[in-house]
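Student: coords please:
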Amino acid sequence: MGRLLARFQDGAGVVHGYLRQADGSFVTVDPPGSILTIAFDINDAGTIVGLYQAPGGAFHGFSRSPAGSYTTADFPGAVDSEFTSINSQGISVGDYDLGNLTTSISFVDARGKFTSFEDPAAASMQTAALSINTVNFIAGFFDDAAGGEHGFIRSPNAQFQNFDFPAGDFTDAYKLNDLGQVVGQYATNFPNHGFILSGAMALAGPPSSCQFLSFDYPDSQNSGARGINNLGQVAGFYRVRGNPARHGFLATRVTSEEGDQNNQCLTTSHFPGKPGVGFASFDFPGSNDTEGTAITPSGEIVGRYVSADGRQHGFILRGGQFTPVDVPSATFSTDVTWVNSRGDIVGTFGDTRGTHAYVLSRGVYTTIDFPSSDPANTATLGFGISNAGDVVGVEFVGSDFLHGHGHLFSHGSFTLVDFPGAAGTFPTMVLDGSRIVGTYFGSDSVFHGFLLSGGNFQTIDVPDSTFTWITGMNPEGDLVGFYNDQNGNQHGFVLSDGKFIPIDVPRAISSEGNGIDPEGNVVGRYVTADGKTHGYSLKCVACPRHDATPSSLMQ
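Tutor: Below is the predicted model:
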């Protein structure tokens with residue numbers, strides 16, 4: 001099990017936050033001088049956010065760094081503030097009031113830039129933002145003029161989709177994960193129940209009943225869900241009959257034909273995952289998070305891993321031996337995203353000046369920074385490199401990754417690559433100056449794949465998917481990536497000769513395709529039920545195209 005954040009009440013009646021770490025140990029979370037603390041959320045980097053009460057009675061938002069230092073932050077001009085969630089980009093959401101604790105106005109904090117908002121259907125000052133995911137979708141609930149409570153999803157372009165559990169007296173949404181799954185609670189004639197809503201980021205109106213899953217802790221009188229991670233594990237609380245005490249729970253969903261009958265959305269075409277040939281799993285020694293990102297024709301694999309101290313590093317896997325890749329000036333992370341047939345590597349690193357793209361060729365690191373009038377606030381990411389040394393990547397200002405601009409860096413010059421009308425464009429691989437693939441964030445707040453060939457853009461979406469991300473392309477024109485189905489489950493895929501070939505690693509919670517070589521061999525990552533991420537290589541996924549004969553993946 002991973003980290004779990006919650007609160008407890010001591011014998012004197014004082015409320016404290018706490019962090020249950022992966023090793024089972026507990027850490028109390030209390031800002032200095034506080035008389036009450038509620039810790040609401042923790043991101044992948046280990047930053048915690050929440051609220052505390054000062055001796056004078058006012059409530060303040062706080063963040064706690066992975067090293068344990070506390071910072072107080074309040075919405076400008078507010079009497080009371082709280083942070084309720086923080087994503088992997090360090091963007092937070094929360095709520096504030098102007099002196100009346102029965103009111104709530106929501107806000108986004110993009111690293112010190114505050115923006116307030118309210119659901120258009122809400123009564124004045126009755127909107128509570130409770131969760132923000134990696135792609136900046138926000139979940140929460142609001143009260144209407146009649147006092148009814150409803151859940152909402154707010155997209156990055158500030159569009160709202162409101163929802164209610166079918167026949168529920170009220171609906172409160174508490175947590176949204178990166179797969180578009182929302183958890184919360186609803187009531188029917190007093191008893192509270194937990195729920196999961198799938199496909200929340202793709203809503204274009206009220207969700208269908210089959211997108212909801214209702215659940216209760218066994219034999220409980222009341223249940224409520226408060227958190228869900230990207231593995232689908234749900235945390236919450238329950239009460240037993242005749243006892244007002246709360247108890248916590250962690251629920252790991254068991255998927256089976258019998259256990260899933262009340263949540264069957266059949267709008268997604270079902271096709272089996274590609275068995276493939278020669279499956280191999282690999283993990284960087286000592287790491288619980290390893291991912292393959294690209295593979296050369298000679299079988300050299302590159303990727304990324306996270307060490308025990310939480311730092312990200314790149315690696316090269318050659319002949320069964322791992323070699324770490326770290327840009328010498330990197331202060332926290334080095335990412336490796338692609339390798340060409342010559343062994344030249346492209347990726348991204350962070351230092352004290354910001355985020356930069358780089359190329360590693362024959363032992364020499366070259367930094368690439370997109371020219372900007374505000375270089376201190378502009379980040380440059382490197383994603384793909386051709387055999388000729390052309391590089392594609394993304395530049396964005398501040399922390400607004402969704403609205404980044406794609407670019408091609410060739411012979412020392414930058415050319416913008418932006419899908420027409422898109423909010424953000426993310427080119428991930430380039431074969432030459434005229435063939436580029438990647439993903440764009442559309443005006444519909446959905447991620448779509450794209451191919452740029454001969455100056456023309458083409459949208460590429462896996463059929464019936466809610467999210468398509470293309471990560472790479474080989475010289476044969478085969479594309480690799482991953483997608484989410486209508487139930488929010490993630491799968492890898494290869495697109496070859498116009499046919500989509502899903503990649504599902506057996507017994508994995510989710511699978512992802514990242515790199516593909518000229519023979520159709522794929523590398524990527526998969527996540528297991530214990531929360532660990534593993535790299536894999538899979539031979540001959542596009543075998544029919546290359547006149548090879550597939551056999552079977554491990555059973």
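
Student: Stretch 51-67: end-to-end distance?
Tutor: End-to-end distance of stretch 51-67 (CA to CA, to the nearest Å): 18 Å.

Student: buried sites along that stretch?
Tutor: 51, 52, 53, 59, 60, 61, 62, 63, 64 (16 or more other CB atoms under 10 Å). C-betas here are computed from N, CA, C, even on glycine.

Student: How about residues contacting that stretch?
Tutor: Residues outside stretch 51-67 that contact it (CB atoms under 8 Å, 6 or more residues apart in numbering): 29-31, 33-40, 45-50, 70-75, 79-83, 86, 92, 94, 310.

Student: who does the helix or strand hosting residue 127 touch, helix- and strand-wise?
Tutor: Residue 127 is part of strand 127-132 when elements are defined by DSSP states H and E. The helices and strands touching strand 127-132, judged by 3 or more CB pairs under 8 Å, 6 or more residues apart in numbering; DSSP states H and E, are strand 80-86, strand 92-97, strand 105-109, strand 138-143, strand 170-176.

Student: could you redo those strands as CSV and give each row mean neighbour count?
Tutor: Output for those, formatted as CSV (neighbours: other CB atoms under 10 Å):
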stretch, mean neighbour count
strand 80-86, 25
strand 92-97, 26
strand 105-109, 23
strand 138-143, 26
strand 170-176, 25
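
Student: Can you tell me the strand partners of the strand holding residue 127 and which way each runs?
Tutor: strand 138-143 (antiparallel) (DSSP bridges).

Student: so where is the stretch 401-550 of the chain shaky, pLDDT-wise?
Tutor: Applying pLDDT under 70 to the stretch 401-550 of the chain flags residues 433, 542-550.

Student: As a check, name the ranges of all helices in it.
Tutor: Counting by DSSP state H, counting those that start in this stretch, the stretch 401-550 of the chain has no helices at all.

Student: picking that back up, filter the contacts of stretch 51-67 down to the ones in helices?
Tutor: The members of these all map outside helices under DSSP state H.

Student: from those residues, which ones fall inside strands?
Tutor: Mapping the contacts of stretch 51-67 onto strands (DSSP state E) picks out 29, 36-40, 48-50, 70-73, 80-83, 86, 92, 94.

Student: any idea which helix or strand comes after the helix or strand of the chain with the lowest mean pLDDT?
Tutor: Least confident element among the helices and strands of the chain, by mean pLDDT, DSSP states H and E: strand 277-282 (a mean of 80). For strand 277-282, the following helix or strand on the C-terminal side (DSSP H and E) is strand 290-295.

Student: And for that next one, what's in contact with it?
Tutor: Here strand 290-295 has contacts from 282-284, 301-305, 317, 336-339, 471-472, 512, 514-517, 521-525, 533-537, using CB under 8 Å, 6+ apart.

Student: of the residues you listed, buried ones?
Tutor: 282, 284, 301-305, 317, 336-339, 471-472, 512, 514-517, 521-525, 533-537.

Student: Now do the same contact list for the closest residue to residue 465 other than its chain neighbours.
Tutor: Spatial nearest neighbour of residue 465, excluding adjacent residues (CB to CB, 6 or more residues apart in numbering): residue 483 at 4.1 Å. Counting by CB under 8 Å, 6+ apart, residue 483 touches 461, 462, 465, 467, 468, 469, 490, 491, 493.

Student: Go through the residues you listed and give me the one with the most neighbours.
Tutor: Counting neighbours by other CB atoms under 10 Å, residue 493 leads the contacts of residue 483 with 29 neighbours.

Student: Make TSV from the helices and strands packed on strand 127-132 and add mean pLDDT and distance to residue 378 to it.
Tutor: As requested, these are exported to TSV (pLDDT from 0 to 100; distance: least, CB to CB, whole Å):
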stretch	mean pLDDT	distance to residue 378
strand 80-86	97	22
strand 92-97	97	22
strand 105-109	97	20
strand 138-143	97	25
strand 170-176	96	29
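
Student: Wait, residue 407 touches residue 390, no?
Tutor: No - between residue 407 and residue 390 no contact is recorded; they are 10.8 Å apart, counting by CB atoms under 8 Å.

Student: neighbour count winner among these two?
Tutor: The neighbour count for residue 407 versus residue 390, taken as other CB under 10 Å, is higher for residue 407 (24 against 20).

Student: how about that one, what does it touch?
Tutor: Residues near residue 407 by CB under 8 Å, 6+ apart: 370, 392, 393, 394, 395, 414, 415, 416, 417, 427.

Student: Quick check: closest non-adjacent residue to the third one.
Tutor: Right, residue 393. The shortest distance from residue 393 to any non-neighbouring residue, by CB to CB, 6+ apart, is to residue 382 (4.4 Å).

Student: how close does the one you found get to residue 366?
Tutor: 10 Å (CB to CB, to the nearest Å).

Student: Could you do residue 244 as well?
Tutor: Distance from residue 244 to residue 366, by CB to CB: 64 Å.

Student: quick one, which of these two is more surrounded?
Tutor: For residue 244 versus residue 366, the count of surrounding residues by other CB under 10 Å is larger for residue 366: 12 against 8.

Student: Tell me which residues touch that one, please.
Tutor: 358, 359, 360.

Student: Output the residues you listed in TSV, with pLDDT and neighbour count appended to each entry.
Tutor: Converted to TSV, the contacts of residue 366 look like this (pLDDT from 0 to 100; neighbours: other CB atoms under 10 Å):
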residue	pLDDT	neighbour count
358	97	25
359	97	19
360	96	22
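
Student: how about stretch 349-359: buried residues?
Tutor: Within stretch 349-359, the residues that count as buried by 16+ other CB under 10 Å are 349, 350, 355, 356, 357, 358, 359.

Student: Now for these: which two are most distant?
Tutor: Maximum pairwise distance among the buried residues of stretch 349-359 (CB to CB): 16.3 Å, between 350 and 359.

Student: Show the model's pLDDT score for the residue of the chain most remote from its centre.
Tutor: Within the chain, residue 242 marks the point farthest from the mean C-alpha position, 40.0 Å out by CA atoms, centre = their mean. Model confidence at residue 242, given as pLDDT, is 76.

Student: wait, what's in contact with residue 387?
Tutor: 340, 341, 342.

Student: So which of those are in helices?
Tutor: Among the contacts of residue 387, no member falls in helices (DSSP H).

Student: mind putting these in TSV, neighbour count included?
Tutor: Output for the contacts of residue 387, formatted as TSV (neighbours: other CB under 10 Å):
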residue	neighbour count
340	22
341	14
342	13
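
Student: can I get those in a markdown table with pLDDT and distance to residue 127?
Tutor: Output for those, formatted as a markdown table (pLDDT from 0 to 100; distance: CB to CB, whole Å):
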| residue | pLDDT | distance to residue 127 |
| --- | --- | --- |
| 340 | 92 | 49 |
| 341 | 88 | 53 |
| 342 | 87 | 54 |
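
Student: ok, those residues vs residue 166, which is closest?
Tutor: Nearest to residue 166 among these: residue 340, at 52.2 Å, using CB to CB.

Student: Filter the contacts of residue 407 down to just the buried residues.
Tutor: Neighbour counting with 16+ other CB under 10 Å marks 370, 392, 393, 394, 395, 414, 417, 427 as buried within those.

Student: which one among those gets closest to residue 251?
Tutor: Checking the buried ones among the contacts of residue 407 against residue 251 with CB to CB, the nearest one is residue 394 at 36.9 Å.

Student: mind checking how far that closest one is from residue 479?
Tutor: 18 Å.

Student: So which residues of the stretch 301-450 of the chain form strands?
Tutor: 301-306, 312-318, 321-325, 334-339, 345-351, 354-361, 364-368, 378-385, 391-397, 405-410, 413-417, 424-432, 435-441, 447-453 (DSSP state E, counting those that start in this stretch).

Student: Rebuild those as TSV, extending it with distance to residue 124.
Tutor: Shown next, in TSV, are the strands of the stretch 301-450 of the chain (distance: least, CB to CB, whole Å):
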stretch	distance to residue 124
strand 301-306	44
strand 312-318	44
strand 321-325	53
strand 334-339	45
strand 345-351	42
strand 354-361	40
strand 364-368	49
strand 378-385	37
strand 391-397	33
strand 405-410	38
strand 413-417	42
strand 424-432	33
strand 435-441	31
strand 447-453	34
